[in-house]
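S.K.: sharing a sequence plus its predicted fold:
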Amino acid sequence: MGKRTIVPFGPQHPALPEPIHLDLELEDEKVIRAVPSIGYVHRGLEKLVEQNDYQIMCYVMERVCGICSFGHSWGYAAAVEGLMDIEVPERAEHLRTIFHELSRIHSHLLWLGLLADAMGFESLFMHCWRLRESILDIFEKSTGGRVILSFTKIGGQFKDIPKESLAEIVIILENMRKELLVVTNVFLDDTSVKNRMCGVGKLSKEDIMKLGAIGPTARGSGVNNDARCLDLGKYKELGFKPILETDGDCYARCKVRVREIFQSIDIIIKDVENIPEGPVNIPVKGMPPMGDFIARIEQPRGEAFYYVKGNGTKYLDRARVRTPTNANIPILVKVLQGCYLNDVTMMVMTIDPCISCTER
Amino acid sequence: MSYSTKSPWIIHYDGSSCNGCDIEVLACLTPMYDLERFGIVNTGNPKHADILLITGSINEQNRDVVKQIYEQMPEPKVVVAIGICATSGGVFKKCYNILGGVDKVIPVDIYVPGCAARPEAIIDGVVKALRILEEKSKALHNKGGKVQ
């Protein structure tokens, strides 16, 4: 048994794209305890609801996080629409589903790249990010933005995406699928990658249930908590089935995300086939009434929760977001216990942390 | 001398940005835009870096971190503020935890506005930073200081 040392990790660290600080208590090379401290990215975004009216707040909400920005605007819009009893046109719901799945593909590819970077596989990182650019091109062509889209508003979408553009998206995705197979097979079959991931950071079903982990982290251990099984969006009509793995190690979590990329492509293609004609937004009149409403949405990192409380004026009383990484920090602390110092970056990556979501 | 100043190493720190500008900074280094072909390397060590790219605004907790990174960087050094949040606070200007743009804490040489700043704009900012880096390096040389 060796001496105990405390190694500070972050907030500025080469392996971390975002600032989080961890105090790692080490015994020789083993991590005995990890104490996270956050707050480096805290802005106080929820309080802006007092200064921006409920429609403008949709754009502020989008800036909770730049990776899953579309989902955040959808979640907030859905909560306000629920509060105000607005029925969103069918076509808008379909478009939202398509764009949400596109952002899931781009987010998962980004994560796969960062995972490859964390294990020192630089060329794989580059390939993942190269593929991701084609999704960003789709965003740019259809909405004008690459990461912040400003495509959603209360009551629907800003503009319609014409039939030809939707067909083009399908063609791009079909072409991408072949290239994706090559890249993702490296994650699933390559020996050196498998050596880093198989059996590392095991989480049992009980751990997941006890600590309330969500998203692909939970689904890697066989716990289904995919919010896409709920009513929001068109997932039910498209026959959505969540992807589950049972091993609970880093490899299983990676596999869930890889399979979800292909699943998202299938969902988009099916959605484009089924999308009805019609308006994409309806005019919104009046103010949010007294009362509150909750919307839940499956972000790439897990379930996000939006709460809004109206008071009859154009300013909401409260808009609250519970983001996925927030719920996954307890499980991160648990998975770090007993791992080797060299695996810490892998462990941190494996829950797909998004710190700017967490702290808002 | 000129060939060494034209392949700067950059260090990137995320102040309190929403991640949008961060991933655009990383996108600059990946195959689509590929800054690395010019020898521009993203390093994690402030002592290795010439250009500091900061995204997001300054808040109470990261103020000292930003200052520390800046002070650890060797002269000559250039700071590029990326995104409207790093420039002025942007959409978060009125938030209770935001002090304002990066220039509240450290001197900034180049501002790259945008929400999120586009990779082309970031690259343009870095190219402009190169010129300032060279000027600073010359000024330092004339003063008889060590050129890093």
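M.R.: Received it, and whenever you're ready, just let me know what you need. Residues are numbered from 1 along each chain as shown, chains lettered A, B, ... in the order given.
S.K.: alpha carbons only for contacts and neighbour counts from here, please
M.R.: Fine.
S.K.: what confidence value was assigned to the residue most central in space within chain A?
M.R.: Note on chain A: the residue nearest the mean C-alpha position is residue A:300, at 2.6 Å, using CA atoms, centre = their mean. The confidence metric pLDDT takes the value 89 at residue A:300.
S.K.: show me the contacts for it.
M.R.: Contact criterion CA atoms under 8 Å, 6 or more residues apart in numbering or on different chains gives A:68, A:103-104, A:107-108, A:215-216 as the residues in contact with residue A:300.
S.K.: return the set of buried residues in stretch A:233-241.
M.R.: Within stretch A:233-241, the residues that qualify as buried are A:233-235, counting by 16 or more other CA atoms under 10 Å in any protein chain shown.
S.K.: and which of the residues you listed is nearest residue A:60?
M.R.: The nearest member of those to residue A:60, counting by CA to CA, is residue A:233 at 21.8 Å.
S.K.: phi, psi of that closest one?
M.R.: Summarising the backbone geometry of residue A:233 under the convention degrees, to the nearest 10, its torsions are phi 80, psi -170.
S.K.: now do the strands in the stretch 151-300 of chain A.
M.R.: Counting by DSSP state E, counting those that start in this stretch, residue ranges of the strands within the stretch 151-300 of chain A are A:152-153, A:156-157, A:291-299.
S.K.: so which of those strands is the most surrounded?
M.R.: strand A:156-157 (a mean of 26; mean count of other CA atoms under 10 Å in any protein chain shown).
S.K.: now for that one, which elements pack on it?
M.R.: helix A:90-118 (3 or more CA pairs under 8 Å, 6 or more residues apart in numbering or on different chains; DSSP states H and E).
S.K.: so does the helix it packs on get close to chain B?
M.R.: No: when contact is scored as CA under 8 Å from any CA of the partner chain, no part of helix A:90-118 falls within range of chain B; the minimum is 8.8 Å.
S.K.: mean confidence for that helix?
M.R.: Taken as a whole, helix A:90-118 has an average pLDDT of 89.
S.K.: which elements pack onto it?
M.R.: helix A:69-84, helix A:122-143, strand A:156-157, helix A:250-274, helix A:344-350.
S.K.: pLDDT (mean, whole number) over stretch A:254-265?
M.R.: 91.
S.K.: in it, which residues are buried?
M.R.: Judged by neighbour count using 16+ other CA under 10 Å, the buried positions of stretch A:254-265 are A:254-258, A:260-261, A:263-265.
S.K.: now do the SS call for the most centrally placed residue in chain B.
M.R.: Centroid-nearest residue in chain B, with CA atoms, centre = their mean: residue B:53, separated by 2.0 Å. Each residue gets one of three states, and residue B:53 gets strand by DSSP: H, G, I helix; E, B strand; the rest coil.
S.K.: check contacts around it.
M.R.: Residues in contact with residue B:53, defined by CA under 8 Å, 6+ apart, are B:10-13, B:79-82.
S.K.: in the stretch 1-150 of chain A, where is pLDDT below threshold?
M.R.: For the stretch 1-150 of chain A, the stretches flagged by pLDDT under 70 are A:1, A:14-17.
S.K.: any residues of it in contact with chain B? List them.
M.R.: For the stretch 1-150 of chain A, the residues in contact with chain B under the definition CA under 8 Å from any CA are A:11-14, A:17-19, A:39-45, A:47-48, A:60, A:63-67, A:126-127, A:129-130, A:133, A:146-148.
S.K.: excluding chain neighbours, what is closest to residue 47?
M.R.: Went with chain A since none was named. Of all residues beyond its chain neighbours, the one nearest residue A:47 is residue B:95 (7.1 Å), with distances taken as CA to CA, 6 or more residues apart in numbering or on different chains.
S.K.: chain B was what I was after
M.R.: The spatially closest residue to residue B:47, leaving aside those adjacent along the chain, is residue B:73, at 4.9 Å (CA to CA, 6+ apart).
S.K.: neighbours of the residue nearest to residue A:47, how many?
M.R.: 19 (other CA atoms under 10 Å in any protein chain shown).
S.K.: the one 4 residues further on too?
M.R.: Using other CA under 10 Å, residue B:99 is surrounded by 20 other residues.
S.K.: wait, it sits on residue B:62?
M.R.: No: counting by CA atoms under 8 Å, residue B:99 sits too far from residue B:62 to count as a contact (10.4 Å).
S.K.: and residue 112, what does it touch?
M.R.: The chain I'm using is chain A. For residue A:112, the set of contacting residues under the criterion of CA under 8 Å, 6+ apart consists of A:125, A:128, A:254.
S.K.: not what I meant, chain B
M.R.: For residue B:112, counting by CA under 8 Å, 6+ apart, the contacting residues are B:80-84, B:87, B:121-122, B:125.
S.K.: and those residues, which are buried?
M.R.: Buried among these (16+ other CA under 10 Å): B:80-84, B:87, B:122, B:125.
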